[in-house]
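Colleague: Requesting a structural model of the entry that follows:
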Amino acid sequence: MKKLTVIALMVGAVVSGNGYASTSSPSSLEARLAQLEQRLQQAEARADNAEKQIQQLKHEDQTLKQTQESQLAAADIKQKEPANKKTLNLNGFDNLKLYGDVEFNMDGASRSGQLTSARTSDNKNWKPGNKERWDINGRLLIGLDGYRRNDNGQFSGFTVQPLADLHGSMNVDDAAFFFGEENNWQAKVGRFEAYDMFPLNQDTFVEYSGNTANDLYSDGYGYIYMMKEGRGRSNSGGNFNLSKNIDNWYFELNTLVEDGTTLFADKDYHGNHLTNDKNVVYLRPIVAWKGDVFSAAVAMESNVVNNAYGYENAQGVTVDQSKRNGYGMTMTWNGQKADPENGVVANFSTAYLDAQDEKDFSIGANALWHRLELGYIYAHNKIDQFNNSHFMRNDNGDYAFDGAGKYSVHTIHTSYLIPDIMNMPNFNLYLGAYASMLDTAEGISQNNDDTRYGVRARFKYFF
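Modeller: Residues are numbered from 1 along each chain as shown. Here you go, the predicted structure:
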C-alpha cells in the first residue's frame, strides 16, 4: 500500500511538472519540484502512521480475544469446582450463624418434691426433696448453626448448642445434622426435640424433671402425660426424624432409640426397680395442618420393642414393663400473626397413655394476651399394681401416694413478660408462678402435704 501511494504521487508530480514547465521559468520549476518533494515526504509519513494504527488495532483485537477466552475458561473451571470450595460468610444468613441465649432464674418453691413432674431448677442433678427452696439457677447457651443451599432448593446443615449451667455442669441442648429440600422434605439425625404436642405457651415454671425424654416419671408422685416420652433430646440415645410438607399439611415421623429405663427417675416404677435388657425404639408419627392463624395436629408414640426393660419378681422371672402407647391432639390459634399487639395465642391439648399397669389422661388449655399468659392442666391417672414394700425401701416417706388406685392432678400456671429491660432489645424479664394439687381417689393413701406452688423471676437475653 505504501509503494502504490508513492508511485501515484510521483506520476502525478511528473505530469504536473511537465505541464508546468512549458509555461514557467527554471527557478519556478525547481521551487515547484521542491514543494512536491516535501508533500511526497509528508504523504509517505502519513502512510507510515496509518499502517502503524492498523497494526495497533489488529494487536488490540487479538488481545481482546485472548482476554475473553481466558475469562470463559476461568468461569468454566469455577462452575466445575466442588461445592466445598465456596467460602463461608460469617455474617451471611445462609452459611454460618453464631448466637447465644442467657437465662437465669430466681426461684422460691414450697417444696422441690415432685407432684406434677415439674422441675423447679435448671440443675441437671436435681433430685426431689422435702424442704422449701430458694434458689438462683440458670444456664448459658452458645449456638452454632451451619447451612448450605443449592440453587434448586436442596440444603444441608447442622446445629450444635453447648450449654453451661450455673451449678458448674456442662451439657448440650441440641446437636443435629439435617438435609433435604426446602418447603418439601427433610431428614434430621442427632439430639433435638420433635413436634410439640402439648405446648404450654409462655411458660416459665411448669417444666419437666430432667430432659424431655429422661426422668419424666417419678415414682409415687403425680404424672402429667404430655406425649413427650418419644419426642427426643435424650441423655441416653438419639433421634432420626423424617418430615414432609404438602401445601398446608405437615407430616413427621420421629424415631427415638434410647435406654428406656431413663424415663423413670432413679429407674423406679410402681415400687419396683427396673433393669434394662435392650434399648427401646419409640416411633412418633404426626399429621398436622397449618393455616395462617389456626393449626392442629394429631399424633401417637409407641415403643415397638418388647421386653426391653422390667423387674425381677419373687420367682426370679423378669416382668416386662416396657409397653407404652400414647395418643394426642393439639390445636393452636395464633392471632398475633395478624395483630402482634392485641392478638391472642391460645392452645388446647389432650393426651392419653396406655402403659403397663397404668392408664394416664391429660388435658390442658392456655392463652396469651398482651404478654400475660394463664393456663390450666388436668391429669387423671389409674395405677393397677404397686409394690409397697420396694417403694418404702427406696423412698424416705416424702411421697404423694404408695399404692394402686386412681388420682387426679390440678395445675394452674401463669407468667408475665416485661420486654426490653433498660431499653435493651432481646433482654426480657418473665415473672411466673404455678400451683398444683393432688386429688387422690379410691385405694391410694396420701401424704397430707399434697400441694406444691412456686414463683420465679426469669431473666432472658438473646444475642
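
Colleague: What are the buried residues along the helix or strand where Arg284 lies?
Modeller: If you go by DSSP states H and E, Arg284 is part of strand 280-290. Within strand 280-290, the residues scored as buried using 16 or more other C-beta atoms under 10 Å are 280-282, 284, 286, 288, 290. Yep, even glycine has a C-beta here, placed from its N, CA and C like the rest.

Colleague: And the strands in the stretch 101-250 of the chain, which stretches?
Modeller: With DSSP state E, counting those that start in this stretch, the ranges of strands along the stretch 101-250 of the chain come out as 133-149, 154-165, 170-181, 185-191, 237-246, 249-258.

Colleague: between the second one and strand 133-149, how big is the angle?
Modeller: So the one you mean is strand 154-165. Per axes from the mean of the first three to the mean of the last three C-alpha atoms, to 10 degrees, the angle that strand 154-165 makes with strand 133-149 is 160 degrees.

Colleague: ok and strand 154-165 relative to strand 170-181, angle-wise?
Modeller: Using the same axes, to 10 degrees: strand 154-165 against strand 170-181 is 170 degrees.

Colleague: Tell me the strands beside strand 154-165, with direction?
Modeller: Strand 154-165 pairs in its sheet with strand 133-149 (antiparallel), strand 170-181 (antiparallel), by DSSP bridges.

Colleague: related to what we said a few turns ago, format the buried residues of strand 280-290 as a markdown table; extra columns: pLDDT.
Modeller: What follows is these, written out as a markdown table (pLDDT from 0 to 100):
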| residue | pLDDT |
| --- | --- |
| Val280 | 96 |
| Val281 | 97 |
| Tyr282 | 97 |
| Arg284 | 98 |
| Ile286 | 98 |
| Ala288 | 98 |
| Lys290 | 95 |
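
Colleague: Check for me that Ala34 belongs to a strand.
Modeller: No. Assigned with DSSP: H, G, I helix; E, B strand; the rest coil, Ala34 falls outside any strand and is helix.

Colleague: any idea how far Gln41 is from it?
Modeller: Using C-beta to C-beta, to the nearest Å, Ala34 is found at 11 Å from Gln41.

Colleague: and the strand holding Arg284, how far from the chain's centre?
Modeller: Centre-to-centre, strand 280-290 and its host chain are 18 Å apart (C-alpha atoms, centre = their mean, to the nearest Å).

Colleague: which strands and helices sit next to the next helix or strand after that strand?
Modeller: Heading C-terminal from strand 280-290, the first helix or strand you meet, by DSSP H and E, is strand 294-303. Judged by 3 or more C-beta pairs under 8 Å, 6 or more residues apart in numbering; DSSP states H and E, the packing partners of strand 294-303 are strand 280-290, strand 324-334.

Colleague: quick one: average confidence on the helix or strand that strand 294-303 is followed by?
Modeller: As assigned by DSSP H and E, the chain's next helix or strand after strand 294-303 is strand 309-312. Regarding strand 309-312, the rounded mean pLDDT is 92.

Colleague: Contact partners for Met329?
Modeller: Contacts for Met329 were tallied using C-beta atoms under 8 Å, 6 or more residues apart in numbering; they are 197, 296-299, 349-351.

Colleague: So what pairs up with it in the strands?
Modeller: Val298, Thr350.

Colleague: got the contact list for the strand holding Arg284?
Modeller: By C-beta under 8 Å, 6+ apart, strand 280-290 touches 194-195, 197, 229-231, 248-260, 295-305, 308-309, 322.

Colleague: Relative to Phe294, how far out is Ile224?
Modeller: In terms of C-beta to C-beta, Ile224 sits 25 Å off from Phe294.

Colleague: Looking at those two, which is more packed in?
Modeller: Ile224 (24 against 12; other C-beta atoms under 10 Å).

Colleague: Verify the contact between that one and Ser408 for me.
Modeller: No. Using C-beta atoms under 8 Å, Ile224 is not in contact with Ser408; the gap is 10.6 Å.

Colleague: shared neighbours, these two?
Modeller: Ala379.

Colleague: Okay, now the unreliable bits of the stretch 201-350 of the chain?
Modeller: 206-212 (pLDDT under 70).

Colleague: switch the cut-off to 80
Modeller: For the stretch 201-350 of the chain, applying pLDDT under 80 flags the ranges 203-213, 221.

Colleague: for the stretch 351-463 of the chain, same thing?
Modeller: In the stretch 351-463 of the chain, residues with pLDDT under 80: 389-402, 440-452.

Colleague: which stretches of it form helices?
Modeller: With helices called from DSSP state H, counting those that start in this stretch, the stretch 351-463 of the chain shows them at 388-394.

Colleague: Which residue ranges of it form strands?
Modeller: Using DSSP E, counting those that start in this stretch, the strands of the stretch 351-463 of the chain run over 358-369, 372-383, 405-418, 427-440, 451-462.

Colleague: The fourth one pairs with which strands, and in what direction?
Modeller: Under the criterion DSSP bridges, strand 427-440 sits next to strand 405-418 (antiparallel), strand 451-462 (antiparallel) in its sheet.

Colleague: and if you look at the first one?
Modeller: Paired with strand 358-369 in the same sheet, following DSSP bridges, are strand 344-355 (antiparallel), strand 372-383 (antiparallel).

Colleague: who touches the first one?
Modeller: Just to be clear, that refers to strand 344-355. With C-beta under 8 Å, 6+ apart as the test, strand 344-355 has contacts from 197-201, 225-227, 323-336, 359-369, 375.

Colleague: Repeat the analysis, applying 7 Å as the threshold.
Modeller: For strand 344-355, contacts defined as C-beta atoms under 7 Å, 6 or more residues apart in numbering pick out 197-199, 201, 225-227, 323-336, 359-369.

Colleague: in that strand, what's buried?
Modeller: Neighbour counts over strand 344-355 (16+ other C-beta under 10 Å) mark 345-353, 355 as buried.

Colleague: Spatially central residue in the protein, please.
Modeller: Thr159 (7.1 Å; C-alpha atoms, centre = their mean).

Colleague: which element is Ala47 on?
Modeller: Assigned by DSSP H and E, Ala47 belongs to helix 26-80.

Colleague: same question for that helix, mean pLDDT?
Modeller: 69.

Colleague: what number of residues lie near Ala404?
Modeller: Residues near Ala404, counting by other C-beta under 10 Å: 19.
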